[in-house]
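Novice: got a predicted structure plus its sequence, pasted below:
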Amino acid sequence: MKFNTKVIHGGQQHEPHTGSVNVPVFLTSTFAQRTPGELKAGYEYSRAANPTRQALEDALASIENGATGLAFGSGLAAMDAVLKFLNPGDEVIAVDDLYGGSYRLFTRLYEKYDLKFTFVSFDDVSKIADVITDKTKLIWLETPTNPLMKLVDIKAVADLIKGKDILLAVDNTFASPYIQRPIDLGADIVMHSATKYLGGHSDVIAGALITKTKELGDALHFIQFASGGILGPHDSYLVLRGIKTLSLRMQRHSENGIEVAKYLEQHPSVEKVFYPGLPSHPQYELAKKQMKENGGMVSFTFKSGKKEDAVKLLENLKVFTLAESLGGVESLANHPATMTHASIPAEKRAELGITDDLVRLSVGIEDLEDLISDLEKAFSSI
């Protein structure tokens, strides 16, 4: 199947008893057995497996070209399962421009369990070899990164660690599998905050892992089963429904995203625009090679450098909603320094370039003219 067909049919089947085209929401905690230990249809208890969640997990594996999909209660719950796969004393190398919640999970929870985290720039992948030690067991990437839209050459990192006992995990939330598929480029694990583009309607909190091999998938499923961070059946249904329109939505997000980025780049109040589809982006060529489209995430700073200008613009937007999160059909605007990345220390944010005048937009699927008009009016208020 090609991708547009996979999002609708990949890994799916009609419900066998009724012929229902859509998977039912199986609101059950447990399943009847024929005799002790003999299951009727392979289901025993919904923490281990649920037919609605299984349908979503099969779809996830299909659209990411993976062996196993796992659905979690949130993206951070999915990350938590990956970290539980490691042992005390193991080292993790992570991209430095990282979602604030990921940074918080790494540094405030798992460092006390004797995991070591090293945050580095992946601009020059060859230099990562200098950071790898015999204790390195996981490399954690975001590409594009949140919120500065940096790219990492996934294949180059995979080639660098080939043959080593190191897992490569990629947070594919910003791109979605419509735009890039990390497993095809050599990743072992793909993670999604399925709250975002996979769900697509800002009505569910969910996370996902997809693994290259069944063996790794089985190991992470055991961690999920033992820890209990599962996604419920109704939320599983919502994400599965969202996936069916992923191609259409991502195409529109990308069409609007590039035009909003072009508008911002020529605006007299804007200093810099972060968007991989612009020729001014330092990794524009990598974007063309690694990504099918450029998505709907755009960040920018002001020539004034003033936080006050960013706040005033955000307060005066009407079509864009000032809110956390991203990836819904509606356009959202965010101030990373005080919202999504507030958990990162101020000095670290400054070092990374997450300045107080930085604004992050999640460009939705509304009419482009309305989005540009909304930005124009908000800029005029400054």
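Specialist: Right, received. Where do you want to start? Here the structure is a predicted model, which means the values were calculated and not measured. Numbers count the residues shown, from 1 in each chain.
Novice: name the nearest residue to Phe106, ignoring sequence neighbours.
Specialist: Nearest-residue entry for Phe106: Phe117, 4.7 Å, with adjacent residues in sequence omitted and distances by CB to CB, 6 or more residues apart in numbering. Any C-beta I mention is one placed from the backbone N, CA and C, and that applies to glycine too.
Novice: scratch that, Gly66 is what I was asking about
Specialist: For Gly66, ignoring the flanking residues on the chain, the nearest one in space by CB to CB, 6+ apart is Ile210 at 3.8 Å.
Novice: contact partners for the one you found?
Specialist: 60-61, 64, 66, 68-70, 183, 189-190, 192 (CB atoms under 8 Å, 6 or more residues apart in numbering).
Novice: now swap in Gly42 and tell me
Specialist: Ala49.
Novice: same thing with Gly305?
Specialist: 271, 355, 357.
Novice: most neighbours, which of those residues?
Specialist: Asp357 (21 neighbours; other CB atoms under 10 Å).
Novice: my guess is it contacts Val311. True?
Specialist: No - Asp357 lies out of contact with Val311 (CB atoms under 8 Å); the separation is 9.2 Å.
Novice: tell me the domain boundaries of this structure?
Specialist: 3-243, 247-380 (automatic domain parsing).
Novice: any chance of these in a markdown table with mean pLDDT as columns?
Specialist: Below are those laid out as a markdown table (pLDDT from 0 to 100):
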| stretch | mean pLDDT |
| --- | --- |
| domain 3-243 | 97 |
| domain 247-380 | 97 |
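Novice: circling back: who touches the helix or strand hosting the residue nearest to Phe106?
Specialist: Per DSSP states H and E, Phe117 falls inside strand 116-120. For strand 116-120, contacts defined as CB under 8 Å, 6+ apart pick out 89-96, 98, 103, 106-107, 110-111, 127-128, 131, 135.
Novice: so which of these belong to helices?
Specialist: Tyr103 (DSSP state H).
Novice: circling back to that earlier point, neighbour-wise, which of the contacts of Ile210 leads?
Specialist: Neighbour counts for the contacts of Ile210 peak at His192, which has 31 neighbours (criterion: other CB under 10 Å).
Novice: in the stretch 51-200 of the chain, which spans are strands?
Specialist: 68-72, 91-95, 116-120, 136-142, 167-171, 189-193 (DSSP state E, counting those that start in this stretch).
Novice: out of those, indicate the one that is most buried.
Specialist: With neighbours defined as mean count of other CB atoms under 10 Å, these peak in mean count at strand 189-193, which reaches a mean of 29.
Novice: tell me who's in contact with the nearest residue to Met339 once chain neighbours are set aside.
Specialist: The shortest distance from Met339 to any non-neighbouring residue, by CB to CB, 6+ apart, is to Glu324 (5.5 Å). Residues near Glu324 by CB under 8 Å, 6+ apart: 332, 334, 339-340.
Novice: do Pro233 as well
Specialist: So Pro233 contacts 25-28, 46, 50-53 (CB under 8 Å, 6+ apart).
Novice: redo those as JSON lines? Include distance to Gly11 and neighbour count.
Specialist: Formatted as JSON lines, the contacts of Pro233 follow (distance: CB to CB, whole Å; neighbours: other CB atoms under 10 Å):
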{"residue": "Val25", "distance to Gly11": "18", "neighbour count": "17"}
{"residue": "Phe26", "distance to Gly11": "17", "neighbour count": "20"}
{"residue": "Leu27", "distance to Gly11": "22", "neighbour count": "11"}
{"residue": "Thr28", "distance to Gly11": "22", "neighbour count": "14"}
{"residue": "Ser46", "distance to Gly11": "19", "neighbour count": "19"}
{"residue": "Asn50", "distance to Gly11": "15", "neighbour count": "25"}
{"residue": "Pro51", "distance to Gly11": "13", "neighbour count": "19"}
{"residue": "Thr52", "distance to Gly11": "13", "neighbour count": "23"}
{"residue": "Arg53", "distance to Gly11": "13", "neighbour count": "25"}
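Novice: re the thing from before, select from the contacts of Glu324 the one having the most neighbours.
Specialist: Among those, the one with the most neighbours (other CB under 10 Å) is Asn334, at 25 neighbours.
Novice: reformat the contacts of Ile210 as TSV; add distance to Ile258.
Specialist: Putting the contacts of Ile210 into TSV (distance: CB to CB, whole Å) gives the following:
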residue	distance to Ile258
Leu60	27
Ala61	30
Glu64	24
Gly66	29
Thr68	34
Gly69	30
Leu70	33
Ile183	26
Ile189	30
Val190	25
His192	23
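Novice: ok, so of those, who is nearest Lys262?
Specialist: Checking those against Lys262 with CB to CB, the nearest one is His192 at 28.0 Å.
Novice: in which helix or strand would I find the nearest residue to the closest one once chain neighbours are set aside?
Specialist: Nearest residue to His192, sequence neighbours excluded (CB to CB, 6+ apart): Ala208, at 4.3 Å. Element membership for Ala208 (DSSP H and E) is strand 207-211.
Novice: could I get that strand in CSV with only the CA atoms?
Specialist: C-alpha atoms of strand 207-211 as CSV (Å, rounded to 0.1, in the frame of the first residue of the first chain):
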residue,chain,number,x,y,z
GLY,A,207,1.5,8.8,23.0
ALA,A,208,3.0,6.1,20.7
LEU,A,209,6.1,4.0,20.2
ILE,A,210,6.9,2.1,17.0
THR,A,211,9.8,-0.3,16.9
